[in-house]
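> Any chance you can model this:
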Amino acid sequence: MLTRGPRQQHSYYVTAQAPLSGPVQGRLALYTPRVLHPGPLTAPCRHNCLLLQQQHVVQVAGNHAGPLSTSSVLRQQPTEPLEDQLDQDEVWVPFRWPGQLGGNKVSISGSFCDWQHNHTDLAQAWVSSHTSYPADWVGMYKFKVGQHEYKYNVDGVWKAAPADPLVMDPEGNINNKRLCVKNCHLEFSFRPGSIAARSLQTVVKVTGSWSNWQIATPMQREGSNKWVTDISLPVRVGVAPAFYLFYATGWKHCTLMYKLLKDGQPIDPEWQHLAMDDSPSRAEPSGEGSRWKQAIVALPAGVMEQDRDKYGLQFFMQGPQVGGSSDRDSPSSTSIKAAATLKDGSTGMGRQSGEPAQLPEARWHACLSAGGKPEDLKSQVKVDAPDKAGKTTYLLRWPGGWKLQNGTITKFNTMIKPPVLLCSDIDGTMVNEHTDKKEQFWMDNRTKEFQEYWESSAALARSVLVYNTGRSKGQLIWLLKEKPMLAVPDVLITAVGTKIWYLPDGMRAFQDPTVVDWIEDTRWSERLDEGWDLQQALSAAGEMFKVFNRDAVEHVKWLDKGEEHPHRVALQVNTQVLDELVDRLLTAIDKRQLQSRIITSGAGDWRYVDVVHKLAGKLEALEWVRQVYGVPVERCVTAGDSCNDILMLDGKMPAVVVGNAQEELVSWYHEQNDRGRIVLTDKPEAAGVLEGLARHGLYG
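Residues are numbered from 1 along each chain as shown. Predicted structure coming up:
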């Protein structure tokens, strides 16, 4: 039987196979799936390797994909009673490698299998909701509750998934790291007295938006008429309850020493230890060379939501050995390496053998007895603990996001919210140029203000920064050198959405983005190859020069003949002939049967006219990137200052028109019946972007 669950946070289907009737269509009125949210659980998989599969997408009612049919979902995962049962300390965990990032063979390995060599292929088993997009590589696996580091092997190359939390561990490995807990509990029951409810042969499985409707997860029978299961939702849709601690320090390596408390008393009298990872932020919160370290401490298994606030965390920080040469005395003023080099000569690719990296200094810590105090270790290691009378350790009073900086603890609630994707124009929005030095100072100051916010808040909370610009990649790299106050993006969209570029794994945070090789999204380029003929596009555009540049009067100029951007032909056109030129250009394109579209933009007497593939464009490229990162539409924001940006502002996402916007864009804004989806800010440029985020409720 197939029934649709509630849609507040996740939609899902429950499939059931009864012994007499077989799979049939159910009705929501008869079957009562419920979503509950108990406390977290966490820990590794039984398998040394995991398999992801890919299937064809099927469009169902609404704008997302659904299962082919009840029977097809049931066939995807044959019932194996022993393997289908979850132990008390296990949870189903979905994994996803975006199909847009390519790959013919994808596997996953990590700490759950001690980074074994024999990786089972992940097969493509769930698909993007866009039927024309490449299918995602996914899997649903049983993991022990707890934290797990992992990485994907894509056609023999180790990569981190951009949508999953990213860290650099003490050995310099850049990996994905996830806290797997029971943060989604599902229950299902049949109509009392029905054949399916009474039969011991009834099988129930569930599939949902967490797996793009393509993987059926078995539910366990509990009692006479109830089936249950637990799923660890990915961070892009739900952050697991835990202690998320960020520490501003200059120490290259440090260890969190802690005791988990319940009702103010230690659950275990012994001091626990956890090596701090480097966070995905470029901020230097405590001076040059410092950075944010991070650690996650999970709650005990089975804690109910109403009991979470009974738990606290007592802790202090342990630094390097006294007299060691790797770190200075102060925990907030030493310079650190951007990324470590591994034994195989690569940088930040994750461990690739069963042997952990042999860097004892990175994870070494001094032991402390159950009744010991931080001061007892000061002869062995450097310690960061309160120096106030009567306080020897720091205290977090309840689970959530927290920061420790210069001895002060502050709440960091942004961490417990799903990430945001911000897609912004650059010129006039993030940066600006002015001949007046004083005005230029304030412009640069606004750019710096945004950078500080992004790196010390949004980036820590796994948010994504995208620049959607008319600049080329080379021009952006030059700008990053010229204006170090400009925040470094994760993704760059150029040439009216015909090119997409990514920084390599973790390099946005851990290396100089002006010296690393940006990676072009070849799947996006291949998508634009089909039906596109650059020579025919040039021929159509060339006809305009014969018509409109007569009598030595120039009304049309070349901007781009496809030499740098092969899926784009660009003209600059005088407004006196703009409308007629666009009509003639459309006729010339239709005559050549080109699969293309015309985009006009700009302001003033001269406008830009671009001929691009019909699937290209600023908004289309942004939607592609949004799918890669798996961020919901309502948590994606676009920002711009000119009519060029209408191409991305005119979508379904929250949008920001900054206070210094051109008059034509402001006029466009006032013509939109957007019901608050677009805001016009009072503040200009990057300060306006921050104001817009706040007014949309996405500033943290």
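
> Give me the most central residue, this structure.
Ala163 (3.4 Å; C-alpha atoms, centre = their mean).

> And the pLDDT at that residue?
Note on Ala163: pLDDT of 87.

> Can you get me a residue count around Ser232?
Per other C-beta atoms under 10 Å, the neighbour tally for Ser232 reads 24. Quick note: C-beta positions are derived from backbone N, CA and C, even for glycine.

> Distance check, it against Asn183.
Counting by C-beta to C-beta, to the nearest Å, the separation of Ser232 from Asn183 is 6 Å.

> cool, Ser111 as well?
According to C-beta to C-beta, Ser111 and Asn183 sit 20 Å apart.

> So those two - more neighbours on which side?
Between Ser111 and Asn183, Asn183 has the larger neighbour count (other C-beta under 10 Å), namely 23 against 18.

> do you know how far that one is from Ile416?
Distance from Asn183 to Ile416, by C-beta to C-beta: 12 Å.

> Find residues that contact each of those two.
Pro241 (C-beta atoms under 8 Å, 6 or more residues apart in numbering).

> What sits closest to Asp605 if chain neighbours are left out?
Spatially, and ignoring its direct neighbours in sequence, Asp605 is nearest to Thr575 (5.5 Å; C-beta to C-beta, 6 or more residues apart in numbering).

> For that neighbour, the count of nearby residues, please.
13.

> so what does the longest strand that the chain contains touch, helix or strand wise?
As assigned by DSSP state E, the longest strand anywhere in the chain is strand 311-321. Judged by 3 or more C-beta pairs under 8 Å, 6 or more residues apart in numbering; DSSP states H and E, the packing partners of strand 311-321 are strand 242-249, strand 255-262, strand 381-384, strand 394-396.

> what angle do that strand and strand 242-249 make?
30 degrees (axes from the mean of the first three to the mean of the last three C-alpha atoms, to 10 degrees).

> Surely Val658 touches Thr638?
No. Between Val658 and Thr638 there is no contact under C-beta atoms under 8 Å: 11.4 Å.

> Who has more neighbours out of the two?
Set Val658 next to Thr638 and count neighbours by other C-beta under 10 Å: Val658 wins out with 32 against 27.

> list the contacts for the more buried one?
428-429, 639-641, 681, 683-685, 688-689, 692.

> again, but for Ile416
Neighbours of Ile416 in contact, by C-beta under 8 Å, 6+ apart: 239, 241, 244, 400-401.

> Produce a PyMOL select command limited to the buried residues of those.
Entered in PyMOL, the line below selects the buried ones among these, by 16 or more other C-beta atoms under 10 Å:
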select buried, resi 239+241+244+400+401
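
> one step back: part of a strand, is the residue nearest to the centre of the chain?
No. Counting by DSSP: H, G, I helix; E, B strand; the rest coil, Ala163 is not part of a strand but coil.

> Pull the contacting residues for it.
Contacts here follow C-beta under 8 Å, 6+ apart; on that basis Ala163 touches 96, 98, 234, 236, 628-631.

> now stretch 260-271: how far from the chain's centre is it?
Centre-to-centre, stretch 260-271 and its host chain are 34 Å apart (C-alpha atoms, centre = their mean, to the nearest Å).

> Need the distance between the two termini of it.
From its first residue to its last, stretch 260-271 covers 9 Å (C-alpha to C-alpha, to the nearest Å).

> what does the average pLDDT come to for it?
Rounded mean pLDDT across stretch 260-271 is 96.

> Same question for that stretch: list its buried residues.
Across stretch 260-271, burial judged by 16+ other C-beta under 10 Å covers 260-261, 266, 271.

> got the contact list for that stretch?
So stretch 260-271 is contacted by 257-259, 272, 297, 299-300, 310-314, 367-372 (C-beta under 8 Å, 6+ apart).

> quick revisit: out of the helices and strands packed on strand 311-321, flag the one nearest Ala461.
Nearest to Ala461 among the helices and strands packed on strand 311-321 is strand 242-249 (9.0 Å), distances taken as C-beta to C-beta.

> now for the closest one, which elements pack on it?
Short answer (3+ C-beta pairs under 8 Å, 6+ apart): strand 242-249 packs on strand 291-298, strand 311-321, strand 400-405.
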